[in-house]
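S.K.: Sharing a model prediction with you, sequence too.
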Amino acid sequence: MVRNAVFLMLATVAPCTALAAEPNVTRGAQLFQNCAPCHSLEPGKNMTGPSLSNLWSRKAGDAQEFERYSAALKSSGITWNDQTLDAWLADPEHVVPGNSMTFPGIKDAPARADLLAYLKDATNPGSTRTAQQHPQMGGMMNTAVPNLKVLDAEVRVQAVAYCRDTYEVKTANGKQRKFWERNLRFKTDSSHDGPEKGAPALVPAGMMGDRADVIFAAPDEFGLFVKQSC
């Protein structure tokens, strides 16, 4: 009687355990929010890291138009598949020593399986998930930059004056904002989301409103807009 009861209990629990072990795409999509500030799912849209579009069966270090691969990754000879991606997500430094990805890895195997299930679906050509690029969740701030081709007057920069330790940014709506020199950064964005030439954008970069980025179309515009004036 006891033996039969134990058998029935195991028979009941085993299917539940098997179901729990199945990768969950929804959980994987949530996990991807930690990747989204650096990796896009859109073809050709490179960010801090390369686009993940068409990732499966792609050779490591071979995404088109991405210029920031480490020499270690480019010479690794790895082709991305279920096994190599699982190992990479677990410990990138162990898989490719000397790579430049600032990511310690995901030690939890079920979590990696969830993320891989989502990525395999989302990076497949024609997937409806490829447009589901989300801002970071749970971080200090959203690092995603909006499309800067068409700018409202309040963010379109007209001039930047520098005096001692202060930058004063004048925008097209006539307002002027002052920033401590360490709180204002000058950046470029040459992508299809970047600003038009001659129309740099002022983008908030801190939770307290005291930090910002001025984003130009190209570095040769720095000298045209930033002038020392005391």
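M.R.: That came through fine. Numbers count the residues shown, from 1 in each chain.
S.K.: Number of residues surrounding residue 56?
M.R.: Residues lying near residue 56 (other CB atoms under 10 Å) number 15. C-beta coordinates here come from the backbone N, C-alpha and C atoms, glycine included.
S.K.: Kindly report the same for residue 83.
M.R.: Other residues near residue 83 come to 8 when the count uses other CB under 10 Å.
S.K.: Let me see the mean pLDDT of the helix or strand containing it.
M.R.: Following DSSP states H and E, one finds residue 83 within helix 82-90. Per-region confidence: helix 82-90 scores 98 on mean pLDDT.
S.K.: In CSV, list the C-alpha atoms belonging to it.
M.R.: Listed next in CSV are the C-alpha coordinates belonging to helix 82-90 (Å, rounded to 0.1, in the frame of the first residue of the first chain):
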residue,chain,number,x,y,z
ASP,A,82,22.0,26.7,-28.6
GLN,A,83,25.1,25.2,-26.9
THR,A,84,27.6,28.0,-27.6
LEU,A,85,25.1,30.7,-26.6
ASP,A,86,24.2,28.9,-23.4
ALA,A,87,27.9,28.7,-22.5
TRP,A,88,28.4,32.3,-23.4
LEU,A,89,25.5,33.5,-21.3
ALA,A,90,26.7,31.5,-18.4
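S.K.: So for it, what gets flagged as buried?
M.R.: Buried residues in helix 82-90, counted by 16 or more other CB atoms under 10 Å: 85-89.
S.K.: Name the nearest of those relative to residue 73.
M.R.: Residue 73 lies nearest to residue 88 out of these, by CB to CB, at 9.8 Å.
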